[in-house]
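Engineer: generate a structure from the sequence data that follows.
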Amino acid sequence: MNKIFISGSTTIKTIDKSIRMRLDNIIDQNHIVFIGDANGADKAVQSYLAKKKYSKVNIYCSGQTCRNNVGNWQVVNVAVSTSVRGRKFYMVKDKQMAIDCDYGFMLWDGKSAGTLNNLLNLITTGKTGLVYLYPNSTFYTIKDITLFEELINQCNQKVIENINKKISFRNKLASYKQPVQEQLLFDAVKEEPAIYNIQKKKVTKKQKNMEETLWDSANKLRGKVEPSEYKHVVLGLIFLKFASDKFEKRKQELIAEGKEKYIDMVEFYTMKNVFYLPGNARWSYLKKNAKQDDIALKIDTALATVEKNNPALKGALPDNYYSRLDLDVSKLSSLLDTINNIDTLKDKEQDVVGRVYEYFLSKFALAEGKGKGEFYTPKSIVNLLATMIEPYKGKIYDPCCGSGGMFVQSVKFIESHHGNKKNIAIYGQEYTATTYKLAKMNLAIRGISANLGDVPENTFVRDQHKDLKADYIMANPPFNQKQWRAENELVDDPRWAGYEVPPTGNANYGWILHMVSKLSENGVAGFLLANGALSGGGAEYKIRRKLIENNLVEAILILPQNMFYTTNISVTIWILNKNKKARTVEYDGVIKKYRNREKEVLFMDLREMGIPFEKKYIQFSEDDIKKIADTYHNWQQTDYKKTYKDIPEFCYSADFEEIKKKDFSLVPSKYIEFVNRDENIDFDEKMKALQKDIGELLKEEEKSKKDLLKVFKELGYEIKL
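Structural biologist: Numbers count the residues shown, from 1 in each chain. From the prediction side, this is the model:
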């Protein structure tokens, strides 16, 4: 069993990102025991672990603030209090606790005497890994020193001299402010490396990601361009760069194939879903003329030329946009330089346009007062949806398609699984005019044919696909959309037939019923909604109950927080299935035998899954997606009793009667078993073991104290207590 010794200062109230990342890297939920001995670290680490729900971690602490046995923290090795600067402080007297650990994690503000003692003690164990100096946000790696053990076991003159140096160093440190203290640590290394072998870890400055770099570059346009317009300025140029990169790649392919004489024939590009670009519409031409006074006009001309030569882009590209902005040539040229460094073809799995658009939205979404249908759904969520509902063949529909990212990722998923995008037909609708144009641009540049309606329009007010019956629906509607219809509007709409009219104050169930009305007889819908839709009352309750009674709800999956650029709330994936009856389906030689799942719903809690992504975000790994999808698919099949089982804190298959007893709530935590790891603890057994341990510790402490007093007496410096 691995052990980590965690110590820290009472002044550290929170754990910042750098500490979280370090903790995440060393935590093994199944094996590590955390042992803390200082209040600040205990509180901060406890709070962090509680949020992360590391329920399998055995946590032991000895700080003053841990004495109330919060959660699964257990108080051990609490010694009598001592006074430090006039206040009570609980310290661990047994250094064996630190020595037994495989790893040390120290949080220190440079001021607490108690924590400094622990630091000096820890560095003698040879087991400490990291020391975090707060608030400088500096990590130190501590290497082998055994002075403390020598003091206890040998008590020789050399050790006494070194300990005096330590005490002097400690007092010296305490008298200076934080910046000086850090320098003193390094001075100590130079003077006595055998005593203070502390090396500062090299910190490599992280490179900014693509979105941050583009934002910084666009931000230089401030004054001439409102921040809310940055995305349009940048995305028009990214489109030209993307189109040019694809054009140049296809051109080189023709040359490599010995077809150089065809490099200016349009047909040899369109056959591969690549736009043919005349010379004045190519990125190389724009880059060459980037510092010319008329560069804005040249960009507008390039966009107009591309749109004119490609009917799929009709009405999608900005018209005479850059000339009207009257931008400073040097700043526009700088933006071209930044975009020139982006390899738009590097990550074939990524929706570059959607990512940039969503990031820019997140910067000024609140200021713009928008957010209706514009959200870019993260790639890993789209991949999870696609892996679960498997939209390989038929009609795919998104009633609020935003920038088209859901379609882009779906097609990439289909192609990566040996499917053919020619076997699907894409339908969508978008309300915001600029986003509608962006979606057309985003799809056309990838050769994806789609019917997004004739014009941008409100899906509820003017449904442009009234007769559509989709085989698959994938959507990310705006969360908790307010005032989506007037009080007397759409009350007799056929989409609500058989259900209550969705309330005016929240469109969640309006979106649900709209999608239900669009499903074919075997149709499946996978979409995201805010968690509030799982248990709302009033008309929402009646609709939800009817959906369950009509055997439409197949699965409910609650997601981790921080998966979106524009919101950090936890959201839910809903899977609705028009046909949950037993049937056999064959696709591409694979036969699936579905069992009858009527009157059953699969609940999954995914909040403990995911990996870090771009500093503060979370995304599902490929292994996560496989585990989730396999669980869902196994549950659907006739042999599910061999391949599926309810797993505490992960999944549970509930029948209709259970859901009815829960008053038709779809909150996963009401069904998925939670493991209480404290209920089977034998208190008397634990206390007797603790009594024995503390007794032995106190005996060892008494012996150590006598040895130390003897040494001082022999040196002629008797200590009288």
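
Engineer: any stretches of this structure with poor pLDDT?
Structural biologist: Counting by pLDDT under 70, the chain contains low-confidence ranges at 1-210, 222, 227-228, 347-355, 357-376, 565-566, 614-615, 676-682.

Engineer: now the lengthiest helix in it: buried residues?
Structural biologist: Using DSSP state H, we find that the single longest helix of the chain is helix 683-714. For helix 683-714, burial by neighbour count (16 or more other C-beta atoms under 10 Å) applies to 694, 697, 704, 708, 711. In this view, the C-beta of every residue, glycine as well, is placed from N, C-alpha and C.

Engineer: how about stretch 625-634?
Structural biologist: For stretch 625-634, by 16+ other C-beta under 10 Å, it's 625, 628-629, 631-633.

Engineer: send me that stretch as PDB with only the CA atoms.
Structural biologist: Provided in PDB are the C-alpha atoms of stretch 625-634 (Å, rounded to 0.1, in the frame of the first residue of the first chain):
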ATOM      1  CA  ILE A 625     -16.100   6.500 -24.300                       C
ATOM      2  CA  LYS A 626     -15.500   2.800 -24.900                       C
ATOM      3  CA  LYS A 627     -16.500   1.900 -21.300                       C
ATOM      4  CA  ILE A 628     -19.600   4.000 -21.400                       C
ATOM      5  CA  ALA A 629     -20.800   2.900 -24.800                       C
ATOM      6  CA  ASP A 630     -20.000  -0.800 -24.100                       C
ATOM      7  CA  THR A 631     -22.000  -0.600 -20.900                       C
ATOM      8  CA  TYR A 632     -25.000   0.900 -22.800                       C
ATOM      9  CA  HIS A 633     -24.800  -1.600 -25.700                       C
ATOM     10  CA  ASN A 634     -24.300  -4.600 -23.500                       C
END
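
Engineer: report the contact partners of Ile396.
Structural biologist: 407, 410, 424-427, 470-474 (C-beta atoms under 8 Å, 6 or more residues apart in numbering).

Engineer: and if we set it to 6 Å?
Structural biologist: Neighbouring residues of Ile396 by C-beta atoms under 6 Å, 6 or more residues apart in numbering: 424, 426, 472.

Engineer: so what's the second one closest to, chain neighbours aside?
Structural biologist: In space, Ile426 comes closest to Ala450 once its chain neighbours are excluded; the distance is 4.0 Å by C-beta to C-beta, 6 or more residues apart in numbering.

Engineer: wait, that neighbour sits on Asn442?
Structural biologist: No. In this structure, Ala450 is not within contact of Asn442 by C-beta atoms under 6 Å, at 9.8 Å.

Engineer: between the two, which is the more surrounded one?
Structural biologist: The neighbour count for Ala450 versus Asn442, taken as other C-beta atoms under 10 Å, is higher for Asn442 (28 against 22).

Engineer: helix or strand for the more buried one, just tell me which one.
Structural biologist: Element membership of Asn442, judged by DSSP states H and E, is helix 433-444.

Engineer: so what touches the next helix-or-strand element following that helix?
Structural biologist: Using DSSP H and E, the next helix or strand after helix 433-444 towards the C-terminus is strand 450-451. Applying C-beta under 6 Å, 6+ apart, the contact partners of strand 450-451 are 426-427, 443.

Engineer: list just the nearest of those residues to Val601.
Structural biologist: Tyr427 (27.8 Å; C-beta to C-beta).

Engineer: circling back: got a winner among the contacts of Ile396 for most neighbours?
Structural biologist: That'd be Tyr472 among the contacts of Ile396, by other C-beta under 10 Å, with 25 neighbours.

Engineer: ok, and the closest non-adjacent residue to it?
Structural biologist: Pro391 (3.8 Å).

Engineer: state the helix or strand in which that neighbour lies.
Structural biologist: Applying DSSP H and E, one finds Pro391 in no helix or strand.

Engineer: for Leu557, same thing?
Structural biologist: Per DSSP H and E: strand 553-558 holds Leu557.

Engineer: dump the C-alpha coordinates for that strand into CSV.
Structural biologist: The C-alpha trace of strand 553-558 is given here as CSV (Å, rounded to 0.1, in the frame of the first residue of the first chain):
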residue,chain,number,x,y,z
VAL,A,553,-36.7,7.2,-22.3
GLU,A,554,-33.8,4.7,-22.7
ALA,A,555,-30.8,6.2,-20.9
ILE,A,556,-29.9,9.1,-18.7
LEU,A,557,-26.2,10.0,-18.3
ILE,A,558,-25.0,12.8,-16.0
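
Engineer: what packs against it?
Structural biologist: Counting contacts by 3 or more C-beta pairs under 6 Å, 6 or more residues apart in numbering; DSSP states H and E, strand 553-558 packs against strand 571-577, strand 600-605.

Engineer: for Asn320, find the nearest of those.
Structural biologist: For Asn320, the closest of the helices and strands packed on strand 553-558 is strand 571-577, at 39.7 Å, according to C-beta to C-beta.

Engineer: kindly calculate the angle that that closest one makes with strand 600-605.
Structural biologist: 160 degrees (axes from the mean of the first three to the mean of the last three C-alpha atoms, to 10 degrees).

Engineer: sheet partners, orientation included, of strand 571-577?
Structural biologist: strand 519-530 (antiparallel), strand 553-558 (antiparallel) (DSSP bridges).

Engineer: could you export the buried residues of stretch 625-634 as CSV, including distance to Thr305?
Structural biologist: Output for the buried residues of stretch 625-634, formatted as CSV (distance: C-beta to C-beta, whole Å):
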residue, distance to Thr305
Ile625, 41
Ile628, 46
Ala629, 44
Thr631, 51
Tyr632, 47
His633, 48
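
Engineer: in strands, which of the residues you listed appear?
Structural biologist: Among those, DSSP state E puts none in strands.

Engineer: which one of these sits closest to Cys401?
Structural biologist: Out of the buried residues of stretch 625-634, the member with the shortest distance to Cys401 (by C-beta to C-beta) is Ile625, at 22.2 Å.

Engineer: Lys466: how many residues sit nearby?
Structural biologist: Count around Lys466 with other C-beta under 10 Å applied: 10.

Engineer: what's the answer for Asn280, then?
Structural biologist: 12.

Engineer: confirm that it sits in a helix.
Structural biologist: Yes. Counting by DSSP: H, G, I helix; E, B strand; the rest coil, Asn280 is located in a helix.

Engineer: look up how far Tyr392 lies from Tyr587.
Structural biologist: 6 Å (C-beta to C-beta, to the nearest Å).
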